[in-house]
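A.B. asks: output the structure for:
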Amino acid sequence: VTTDVSREGAQRHGLVAGAGVALSRASTAGLLLATLTKGGERVTLQIVGNGPLGQVTVDADDAGNVRAYLQRGSVLVGGGLERVSLANAIGRQGVVSVIRDLGRKERYSGQSRIVTGEIDEDVENYLRTSEQITSALGCEAVLADDSAIRVAGGVLVQCLPGFDRAEGAPARGPASPGRDASSRIENDHIVREVQHKLRTGELYQRLMHGGWGDPVGVARALLDTDDVDVLDRRPVKFRCSCSRERVVVPMPDPGATLLAAWPYREAANVLERVASKPSTEAWTRETSISRSPPTQRTSCARCSTGSA
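C.D. replies: Residues are numbered from 1 along each chain as shown. Take a look at the predicted model:
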């Protein structure tokens with residue numbers, strides 16, 4: 001359940017309607033990918049399409065922390081009571097990139113192409129093609145009458161190798177080629193059944209009509225079984241590792257070459273301050289990442305911390 005995360009992300013970045021849905025689906029997908037990691041690992045999900053919203057970036061960890069950023073959140077994307085289609089906003093061409101930070105300077109990265117522009121289907125395709133894991137992924141966000149996020153959530157289903165559906169446990173006994181092949185076929189069938197339900201809108205309808213109050217019930221309905229054990233529950237929250245101090249830009253002595261790259265009003269302000277200080281004195285100037293006018297405070301692009 002990612003309702004609070006989705007609402008806070010949309011609020012921080014000033015997103016409504018379809019743009020808020022895009023950030024919500026991406027945040028939910030990132031959190032679900034992070035559940036596959038070990039302790040302390042992080043996942044960075046990037047979706048770069050040829051649509052007007054531009055790049056969507058998500059950082060998440062297995063502790064339930066996530067931050068997300070939409071490159072062009074000011075683009076108007078329509079919403080409504082039906083499931084919002086993001087294909088035209090994200091684009092049908094582009095790349096899905098996933099980086100798994102394993103710690104100790106060890107990283108794993110993979111890519112796949114965008115197939116529909118709906119984000120959850122594109123990340124599902126990444127899992128199937130790049131990581132070669134049969135997966136069913138659905139991420140939904142339902143809008144309220146004022147185009148804000150009313151409720152959001154997601155489901156990721158993958159079968160572990162050697163799983164015996166009849167016994168609901170890892171297959172027992174010595175492995176054999178025939179048994180392994182049969183197990184793989186059965187596992188693929190389970191996942192494809194869930195995938196069909198997700199693509200035909202069952203998760204969205206349950207979210208819309210209040211079914212997400214019972215996530216275990218949703219899992220039972222999607223898996224078509226009452227035999228569902230809850231192994232873990234984790235809170236999720238929108239959290240950025242930045243701080244106001246970290247996004248202040250330190251500069252020892254700006255020169256003409258550096259100033260040439262700054263907007264005129266920014267450069268004029270810098271020159272005014274340098275003239276009042278010895279050129280060898282280190283100093284700090286606050287400027288927003290988007291190169292906004294000097295009247296705005298410094299802000300982090302991923303979470304808008306410190307923005308006016």
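
A.B. asks: am I right that Ile133 is in contact with Leu127?
C.D. replies: Yes: at 5.1 Å, Ile133 counts as touching Leu127 under the criterion of C-beta atoms under 8 Å. Where C-beta positions appear, they are placed from N, C-alpha and C, glycine not excepted.

A.B. asks: who has more neighbours, the two?
C.D. replies: Leu127 (24 against 15; other C-beta atoms under 10 Å).

A.B. asks: dump the strand or helix carrying that one to CSV, restricted to CA.
C.D. replies: Here Leu127 sits within helix 120-129, counting by DSSP states H and E. The C-alpha trace of helix 120-129 is given here as CSV (Å, rounded to 0.1, in the frame of the first residue of the first chain):
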residue,chain,number,x,y,z
ASP,A,120,4.3,-1.0,-14.4
GLU,A,121,4.2,-3.0,-17.7
ASP,A,122,7.6,-1.7,-18.7
VAL,A,123,9.2,-2.6,-15.4
GLU,A,124,7.6,-6.1,-15.6
ASN,A,125,9.1,-6.5,-19.1
TYR,A,126,12.5,-5.5,-17.6
LEU,A,127,12.2,-8.3,-15.0
ARG,A,128,11.3,-10.8,-17.7
THR,A,129,13.9,-9.8,-20.3
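
A.B. asks: got a list of contacts for that helix?
C.D. replies: 25, 28-29, 33, 45, 47, 90, 96, 98, 110-116, 133-140, 154, 158, 195, 198-199 (C-beta atoms under 8 Å, 6 or more residues apart in numbering).

A.B. asks: okay, buried residues for it please.
C.D. replies: Neighbour-count burial for helix 120-129, counted by 16 or more other C-beta atoms under 10 Å, picks out Asp120, Glu121, Asp122, Val123, Glu124, Asn125, Tyr126, Leu127, Arg128.

A.B. asks: pLDDT and distance to Asp227 added to these, as TSV?
C.D. replies: What follows is the buried residues of helix 120-129, written out as TSV (pLDDT from 0 to 100; distance: C-beta to C-beta, whole Å):
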residue	pLDDT	distance to Asp227
Asp120	96	26
Glu121	97	28
Asp122	97	31
Val123	97	27
Glu124	97	24
Asn125	97	29
Tyr126	97	29
Leu127	95	24
Arg128	93	26
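
A.B. asks: between the two ends of stretch 77-88, how far is it?
C.D. replies: Terminal residues of stretch 77-88 lie 9 Å apart, using C-alpha to C-alpha, to the nearest Å.

A.B. asks: wait, stretch 68-75
C.D. replies: The first and last residues of stretch 68-75 sit 17 Å apart, counting by C-alpha to C-alpha.

A.B. asks: got it, and stretch 72-81?
C.D. replies: Start-to-end, stretch 72-81 (C-alpha to C-alpha) is 23 Å.

A.B. asks: so what touches it?
C.D. replies: With C-beta under 8 Å, 6+ apart, stretch 72-81 has contacts from 13-23, 52-54, 84, 86, 89, 143, 147, 208.

A.B. asks: for Ala144, which non-adjacent residue is spatially closest?
C.D. replies: Spatial nearest neighbour of Ala144, chain neighbours left out: Arg150 (4.0 Å); criterion: C-beta to C-beta, 6 or more residues apart in numbering.

A.B. asks: these two touch, right, the one you found and His209?
C.D. replies: No: here Arg150 does not reach His209: they are 11.6 Å apart, not a contact under C-beta under 8 Å.

A.B. asks: who has more neighbours, the two?
C.D. replies: Higher neighbour count among Arg150 and His209: Arg150, with 17 against 9, using other C-beta under 10 Å.
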